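Chemist: Fold the following and give me the result.
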Amino acid sequence: MDANEILDYCLAKKGVTETFPFDNETLVMKVGTKIFLLMGLERQPLGVNVKTDPEWSAELREQHPQITGAFHMNKTHWNSVSVDGLKRELIFKLIDHSYELVFKSLTKKVQSEINDLI
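Modeler: Modelled structure (predicted):
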């Protein structure tokens, strides 16, 4: 799996925008105004940071050495995921989960505006 695949998958979701607020190497994906994924484009192996439910985070970290607490982020809610060696289905599931958690945290008005997008 490469960065373009992850980018395309994220951009196919409603209300998603891509930005580079920190530097030219850290791609930030947002739904509404909130971050749901960060990806270091120069990082090798390729990795992403995603938000996860704390209970699932603990389970994921126990089962997969590629998943750890996210650097510079709240490690209870954010995981760093090295995509090497993980099934693409799991990576997509993690992206979906992060998107859904962040989407649910948006105001009802913003959620409605996003849902009304074609």
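Chemist: contacts, neighbours, all on C-alpha from now
Modeler: Noted.
Chemist: how about the strands in this protein?
Modeler: 16-19, 26-31, 34-40, 47-51, 67-69, 78-82 (DSSP state E).
Chemist: Y99 is nearest to which of these?
Modeler: Nearest to Y99 among those is strand 34-40; the distance by Cα to Cα comes to 5.5 Å.
Chemist: Run through who's touching that closest one.
Modeler: Outside strand 34-40, the residues within contact range by Cα atoms under 8 Å, 6 or more residues apart in numbering are 3, 25-30, 46-51, 95, 98-99, 102, 106.
Chemist: Might you quantify the distance of stretch 4-18 from its chain's geometric centre?
Modeler: 10 Å (Cα atoms, centre = their mean, to the nearest Å).
Chemist: same check, this time on stretch 19-39
Modeler: 9 Å.
Chemist: ok, and for that stretch, which residues are buried?
Modeler: Residues of stretch 19-39 classed as buried by neighbour count (16 or more other Cα atoms under 10 Å): 26-32, 34-39.
Chemist: List the beta-bridge partners for the spatially most central residue of the chain.
Modeler: Centroid-nearest residue in the chain: L37, 2.8 Å away (criterion: Cα atoms, centre = their mean). Counting by DSSP bridges, L37 is bridged to M29, V50.
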